[in-house]
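Trainee: Sequence and predicted model, in that order:
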Protein chains: 2
Amino acid sequence: MQIIKKKAEIKLALNKERSKGKKIGFVPTMGYLHEGHISLIRQSKDNFDVTVVSIFVNPTQFGPSEDFNKYPRDFKRDSEIAQKEEVDYLFYPDVDEIYLSDHKSFVNVEKLDKVMCGKFRPNHFKGVCTIVLKLFNIINPDGAFFGKKDYQQFIIIKKMVDDLDIPVKIIGCETIREPDGLALSSRNKYLSKNERENATILYKTILFAEEKIKQGEKNLINLKKECIKKLSSNNYVKKIDYFDIRDPKNLKNITKINKNIKELLIASAIYLGSTRLIDNKVIQL
Amino acid sequence: MQIIKKKAEIKLALNKERSKGKKIGFVPTMGYLHEGHISLIRQSKDNFDVTVVSIFVNPTQFGPSEDFNKYPRDFKRDSEIAQKEEVDYLFYPDVDEIYLSDHKSFVNVEKLDKVMCGKFRPNHFKGVCTIVLKLFNIINPDGAFFGKKDYQQFIIIKKMVDDLDIPVKIIGCETIREPDGLALSSRNKYLSKNERENATILYKTILFAEEKIKQGEKNLINLKKECIKKLSSNNYVKKIDYFDIRDPKNLKNITKINKNIKELLIASAIYLGSTRLIDNKVIQL
């Protein structure tokens, strides 16, 4: 595995691979790799000749009061995991290698960035789209892998790629969970023992909503209220940003089930103590 | 010359050229080609193996009250000019080939889009950046040519390319002028005979400012006032959007000349009747 910190160097290395006819799979990450990332890496290795993983905690997707500085970082551990998974190139640039000091250009997917997490993290998806486009331009991959745990991010990136004719195939990968259901996230590390135990309430409530819908519940406004009540009743849940039921294709809000609706996204973001966790499930009707 | 209307088709054709080791030059236009465009085409042909010209009147860069519908179009004439200039590929897509009906993704170069023309055409540069990025992703050129008549556009596109790691070399080309100094523009066609005669006031005033500066004028606030007065005194000048003197590198406003200032951009936008004309000159001190 080659660890590369400079744009020019990774471009050169990947141009060589490309000139040999190799197809390139790309897994962009913010590091602190867990089984979720590993599943993306394995899917890239199964589908492409060369796998590139980037580790870059992207400052432009964090709000001023968010956790950019304390976001967990452990490059030694990450590079050992990547090595073990037989990643070909680990791209690990510094912030000033990626952003010019007077950086001014941003990509935005309008409307989709205003709902769900976008409502609570105003410039988050603008930062995400901008870094993903930049990394795509640097790596020039054939395909790129994103976890569906960040479902809104996955949909926004797919939309950006379609809208802007970006020649990269976007592959969404299923969420990896702990045995008790908690979705893997680098932020789980922030949780105290009690918060960690109670964090299962998030996925449990999503499954509860699914169960209710499968039992015939049509009124999603009432169901959402019931789910929010359920979440609120847990003492470790300090804040509920949203519990939404939407169209998984375009994130449009759905208030009532009718026979034209074939699938639903159930998604939520809550705080366990001061840690913000998100989770979701797409269900077929 | 091949005329191609579909994205998939031009991608295929250019992939073939690329696989033969050909380097691709690109001249994006809105059609109604004049000597300015022709000079861009010739510079592309001098520097690249294959030259692609696009003709696409881009709706997203026009404001709701602007001239998208009446913007001059004459594809037969344009294709004859392109043929004569030995363009290799003429890309001439319909609007619905370029934009999805639910297009939501836009690129923006912040701050630079708020001054000069951006102040009077609020979403113009967002539309320009978005179509240029899309065309770059479709054509995947090695170099792209832009006229410096649209100096702010040239600087904004260069900044977008630098900021977003877009692998395209941007080449700015000198403004082509009528014998009396009027910068060539597809919009000159809108001018009545009297307006056309009086349109020379725009470049004349820019040259007047240059002359004053070369004679030692340091106070640019006063000089701007004098130039605006000069423009206003012409009966055919119906409105002055701006007459600005700025740093040509970053478009920062400059009010006073000191010894650190090595070059200046003198730029203006005015209405001759209902036709908006822009012009500029970069001068060395």
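Mentor: Cool, got the structure.
Trainee: what residues are up against the residue in the stretch 1-150 of chain A that chain B sits nearest to?
Mentor: Closest approach of the stretch 1-150 of chain A to chain B (CB to the nearest CB) occurs at A:Ser105, with a separation of 3.6 Å. C-betas here are computed from N, CA, C, even on glycine. If a contact means CB atoms under 8 Å, 6 or more residues apart in numbering or on different chains, then A:Ser105 has A:130, B:107-110, B:129, B:159-160, B:163-164 as its contacts.
Trainee: what's the distance between it and B:Val132?
Mentor: 12 Å (CB to CB, to the nearest Å).
Trainee: what is in contact with those two at once?
Mentor: When contacts are counted by CB under 8 Å, 6+ apart, A:Ser105 and B:Val132 have B:Met160 as shared neighbours.
Trainee: Whichever strand or helix holds A:Tyr242: what's the following helix or strand?
Mentor: In the assignment (DSSP states H and E), A:Tyr242 maps to strand A:237-246. Next along the chain after strand A:237-246, taking DSSP H and E as the criterion, comes strand A:263-272.
Trainee: quick one: average pLDDT of the helix or strand just after that following strand?
Mentor: Downstream of strand A:263-272, the next assigned helix or strand under DSSP H and E is strand A:275-284. Averaged across strand A:275-284, pLDDT comes to 98.
Trainee: Not counting sequence-adjacent ones, nearest residue to A:Pro141?
Mentor: A:Phe26 (3.5 Å; CB to CB, 6 or more residues apart in numbering or on different chains).
Trainee: Run a quick neighbour tally on A:Asp94.
Mentor: Burial of A:Asp94 is recorded as 10 neighbouring residues (other CB atoms under 10 Å in any protein chain shown).
Trainee: same deal with A:Ile10?
Mentor: 22.
Trainee: can you tell me how far it sits from A:Asp96?
Mentor: A:Ile10 sits 16 Å away from A:Asp96 when distances are taken as CB to CB.
Trainee: what residues are up against whichever residue of the stretch 151-285 of chain A sits closest to chain B?
Mentor: With CB to the nearest CB as the measure, A:Asp163 is the residue of the stretch 151-285 of chain A nearest to chain B, at 3.6 Å. By CB under 8 Å, 6+ apart, A:Asp163 lies in contact with A:109, B:100, B:103-105, B:134.
Trainee: Just the angle for the strand holding A:Tyr242 relative to strand A:263-272, thanks.
Mentor: 170 degrees (axes from the mean of the first three to the mean of the last three CA atoms, to 10 degrees).
Trainee: How about whichever strand or helix holds A:Phe146 and chain B, any contact?
Mentor: Element membership for A:Phe146 (DSSP H and E) is strand A:143-147. No: against chain B, strand A:143-147 shows no contacts by CB under 8 Å from any CB of the partner chain, the least distance being 14.6 Å.
Trainee: Put the alpha carbons of the next helix or strand after that strand into PDB.
Mentor: Note on strand A:143-147: by DSSP H and E, the next helix or strand toward the C-terminus is helix A:151-163. Extracted C-alpha coordinates of helix A:151-163, given in PDB (Å, rounded to 0.1, in the frame of the first residue of the first chain):
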ATOM      1  CA  TYR A 151     -28.500   8.300   3.400                       C
ATOM      2  CA  GLN A 152     -29.200  12.000   2.700                       C
ATOM      3  CA  GLN A 153     -25.500  12.400   1.800                       C
ATOM      4  CA  PHE A 154     -25.700   9.400  -0.500                       C
ATOM      5  CA  ILE A 155     -28.800  10.800  -2.300                       C
ATOM      6  CA  ILE A 156     -27.300  14.300  -2.600                       C
ATOM      7  CA  ILE A 157     -24.100  13.000  -4.000                       C
ATOM      8  CA  LYS A 158     -26.000  10.900  -6.600                       C
ATOM      9  CA  LYS A 159     -28.000  14.000  -7.500                       C
ATOM     10  CA  MET A 160     -24.800  16.100  -7.900                       C
ATOM     11  CA  VAL A 161     -23.200  13.500 -10.100                       C
ATOM     12  CA  ASP A 162     -26.300  13.200 -12.300                       C
ATOM     13  CA  ASP A 163     -26.900  17.000 -12.500                       C
END
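Trainee: Show me what counts as buried in helix A:151-163.
Mentor: Using 16 or more other CB atoms under 10 Å in any protein chain shown as the test for burial, helix A:151-163 gives A:151-163.
Trainee: Can you pull the domain assignment for chain A?
Mentor: Chain A breaks down into these domains under automatic domain parsing: A:2-173, A:186-284.
Trainee: and the shortest one, how far apart are its ends?
Mentor: Pointing back at domain A:186-284 there. Using CA to CA, to the nearest Å, one end of domain A:186-284 lies 29 Å from the other.
Trainee: returning to what we had before: quick one: closest of the domains of chain A to B:Ala269.
Mentor: domain A:2-173 (21.7 Å; CB to CB).
Trainee: Quick check: residues of the stretch 101-250 of chain A near chain B?
Mentor: A:102-112, A:129-130, A:133-134, A:137-138, A:140, A:159-160, A:162-167, A:250.
Trainee: go again using 10 Å as the cut-off
Mentor: With CB under 10 Å from any CB of the partner chain as the criterion, the stretch 101-250 of chain A meets chain B at residues A:102-113, A:126, A:129-130, A:133-140, A:156, A:159-168, A:250.
Trainee: and those residues, which are buried?
Mentor: A:103-109, A:112-113, A:126, A:129-130, A:133-140, A:156, A:159-166, A:168.
Trainee: Helices - which of these land there?
Mentor: A:126, A:129-130, A:133-139, A:156, A:159-163 (DSSP state H).
Trainee: So what sits opposite the residue of the stretch 1-150 of chain A closest to chain B in the bridge?
Mentor: Counting by DSSP bridges, A:Ser105 forms beta bridges with B:Val109.
Trainee: So for stretch A:234-250, mean pLDDT?
Mentor: Across stretch A:234-250, pLDDT averages out at 98.
Trainee: do stretch A:30-39 as well
Mentor: Stretch A:30-39 shows a mean pLDDT of 97.
Trainee: Pull the distance from that stretch to the chain's centre.
Mentor: From the chain centre to the centre of stretch A:30-39 is a distance of 11 Å (CA atoms, centre = their mean, to the nearest Å).
Trainee: Between the two ends of it, what distance do you get?
Mentor: End-to-end distance of stretch A:30-39 (CA to CA): 15 Å.
Trainee: Over to stretch A:68-84?
Mentor: Start-to-end span of stretch A:68-84 (CA to CA) is 28 Å.
Trainee: Same check on stretch A:85-97?
Mentor: One end of stretch A:85-97 to the other measures 26 Å (CA to CA).
Trainee: Sort out which residues of it are buried, please.
Mentor: Those would be A:85, A:87-93, for stretch A:85-97 by 16+ other CB under 10 Å.
Trainee: can you put those residues in CSV and add pLDDT?
Mentor: Formatted as CSV, the buried residues of stretch A:85-97 follow (pLDDT from 0 to 100):
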residue, pLDDT
A:Glu85, 98
A:Val87, 98
A:Asp88, 98
A:Tyr89, 98
A:Leu90, 98
A:Phe91, 98
A:Tyr92, 98
A:Pro93, 98
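Trainee: I'd like to know which of those residues are part of strands.
Mentor: A:89-91 (DSSP state E).
Trainee: Now the strand holding A:Tyr242 - C-alpha only, PDB.
Mentor: Provided in PDB are the C-alpha atoms of strand A:237-246 (Å, rounded to 0.1, in the frame of the first residue of the first chain):
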ATOM      1  CA  VAL A 237     -32.000  11.500  24.500                       C
ATOM      2  CA  LYS A 238     -31.200  15.200  25.000                       C
ATOM      3  CA  LYS A 239     -32.600  16.500  21.700                       C
ATOM      4  CA  ILE A 240     -34.400  15.200  18.700                       C
ATOM      5  CA  ASP A 241     -33.400  17.000  15.500                       C
ATOM      6  CA  TYR A 242     -36.000  15.100  13.400                       C
ATOM      7  CA  PHE A 243     -37.800  11.900  12.900                       C
ATOM      8  CA  ASP A 244     -38.900  11.900   9.300                       C
ATOM      9  CA  ILE A 245     -40.700   9.600   6.900                       C
ATOM     10  CA  ARG A 246     -39.900  10.600   3.300                       C
END
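Trainee: That one - contacts with which helices or strands?
Mentor: On a contact count with 3 or more CB pairs under 10 Å, 6 or more residues apart in numbering or on different chains; DSSP states H and E, strand A:237-246 meets helix A:117-120, helix A:151-163, helix A:193-198, helix A:200-214, helix A:220-232, strand A:263-272, strand A:275-284.
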